[in-house]
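I'll drop the sequence and a predicted model, then ask my questions.
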Amino acid sequence: MVDFAPQPLPNWRRAVLKVGSSLLAGDGGLQATHARGLADFIAAARTQGREVVLVSSGAVAAGRGRIGTAAGNGIVQRQALAALGQASLMGFWQQLFEAPVAQVLLTHDDLRNRRRYLNARTALQELLRLGAQPIVNENDTVAVDELKLGDNDNLAAAVASLVEADLLLIATDIAGLYSGHPARDPHALPVERVESVTPRVLAMAGAAGELGTGGMRTKLEAASKAAAAGVPTALFCGRDAATIAALGDGVLRGTLVAAQGSRRSARKQWLGHAPASGVLRIDAGAQGALLRGASLLPGGVLAVQGDFRRGDVVEVQSLDGVALARGQAQYNAAESARIAGRHSREIETILGFRYDESMIHRDDLVLLDGVDRPMEAKA
């Protein structure tokens, strides 16, 4: 079998690392044989000032280890096993990290709902700021579709977009994508770079493994979704210590799926064309600040129109009604009306809580050059 040639890993400051159950499951539950090297990679990245959000499968395997062979493999049984195994999965990872681990359970519904999406992102960003190690898993106890489809790969792609990661890392039990099944096709060659996940590329992928619920096809589908959000994906063997060590040196021995455009431009394009659920009308001072690339603070907001929720896209208009920008609201319409014109330090006193000092953070805001042509705010 031909080995994968080393290639440079894209530069990154924040990454999402997905680890499947095939790398964690052992006789009678979870074992750290392969997980330890991945945890060491994350720890080393943290010392370099980088951030890694871990997306980990394994709750069902951990639950089965606690019960033994008594539980079946149906949806209801797997839901129960996931509930039994979540605590064990967190304890398993905590033993491998010095930093405190933090469990975040998500479903795809959480990421489709704008308000819950923003809440999840805020929580993950705060965990990273606090120096904790976030560990995301699908909420198998309630997310029946995920148990059926084995969608932690796609969940990892969604999380990469959620936390605005620079890179998605997917640890597999093989070296990467081959032109054919490497165990069955003696002429299969490594595919070291994929510019676009086409039907032809998907046809190279095999079926799901016995322990994992995903497969190379699912990983390519996830990589395609990450690419559309401007995030490249690296597929590599999580069983090979040398491959994992090379990642720490910025070298990939595996498959790189290229991003389609930049992460920032993909998000800005979505914000610029998303329908607005409300309007925030601002004064001249706030308008000048936005044009310089600042966030929209409540002090410059003169009026709030519409009935929008936290996370909805709202339009920002000048005093005379000219559309200036669109962005995701940090507060709903009623909350926005109460804090409009007030200083950021007053938000918690007025509302009894505070999500952010801004009404729209600059990372969630796109300036408009005309209604239909978004352009990026200056950093």
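Ah, there it is.

tell me which element the nearest residue to Ser262 once chain neighbours are set aside is part of?
In this structure, Ser262 finds its nearest non-sequential neighbour in Gly230, 4.9 Å apart by Cβ to Cβ, 6 or more residues apart in numbering. Every residue, glycine included, has its C-beta placed from N, CA and C. Assigned by DSSP states H and E, Gly230 belongs to no helix or strand.

Count the residues that sit near Gly230.
Using other Cβ atoms under 10 Å, Gly230 is surrounded by 22 other residues.

distance of it from Phe308?
Per Cβ to Cβ, to the nearest Å, Gly230 is found 26 Å from Phe308.

any weak-confidence spans in the stretch 151-300 of the chain?
151, 206-214, 263-267, 269-270, 273 (pLDDT under 70).

Spatially nearest residue to Leu96 (excluding sequence neighbours)?
Leaving aside its chain neighbours, Leu96 sits nearest to Ala39 (3.8 Å; criterion: Cβ to Cβ, 6+ apart).

by contact count, what packs against the helix or strand harbouring the one you found?
Using DSSP H and E, Ala39 sits in helix 35-47. Counting contacts by 3 or more Cβ pairs under 8 Å, 6 or more residues apart in numbering; DSSP states H and E, helix 35-47 is packed against strand 14-19, strand 51-56, helix 75-94, helix 241-248.

export the ones you listed to CSV and tack on mean neighbour count?
Putting the helices and strands packed on helix 35-47 into CSV (neighbours: other Cβ atoms under 10 Å) gives the following:
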stretch, mean neighbour count
strand 14-19, 25
strand 51-56, 25
helix 75-94, 19
helix 241-248, 17
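
Is Phe353 in a helix, a strand, or coil?
In three-state terms, and counting by DSSP: H, G, I helix; E, B strand; the rest coil, Phe353 is coil.

Now do the phi/psi pair for it.
phi -160, psi 170 (degrees, to the nearest 10).

what's the spacing between it and Arg129?
Note on Phe353: its distance to Arg129, by Cβ to Cβ, is 18 Å.

what's the answer for His343, then?
In terms of Cβ to Cβ, His343 sits 23 Å off from Arg129.

and what of Asp320?
For Asp320, the distance to Arg129 - Cβ to Cβ - is 39 Å.

Skipping adjacent residues, who's closest to Met216 in space?
Leaving aside its chain neighbours, Met216 sits nearest to Ala205 (3.9 Å; criterion: Cβ to Cβ, 6+ apart).

Tell me how many other residues crowd that neighbour.
Applying other Cβ under 10 Å, we find 17 residues neighbouring Ala205.

Over to Asp3?
Neighbourhood size, Asp3 [other Cβ under 10 Å]: 8.

tell me the angle the helix holding Ala39 makes with strand 14-19.
Angle between the axes of helix 35-47 and strand 14-19 is 170 degrees (criterion: axes from the mean of the first three to the mean of the last three Cα atoms, to 10 degrees).

Quickly note the distance from the residue sitting furthest away from the middle of the chain to Gly306.
Largest separation from the mean C-alpha position in the chain: Asp320, at 38.7 Å (Cα atoms, centre = their mean). The gap separating Asp320 from Gly306 is 18 Å, by Cβ to Cβ.

Nice, that's everything, thank you.
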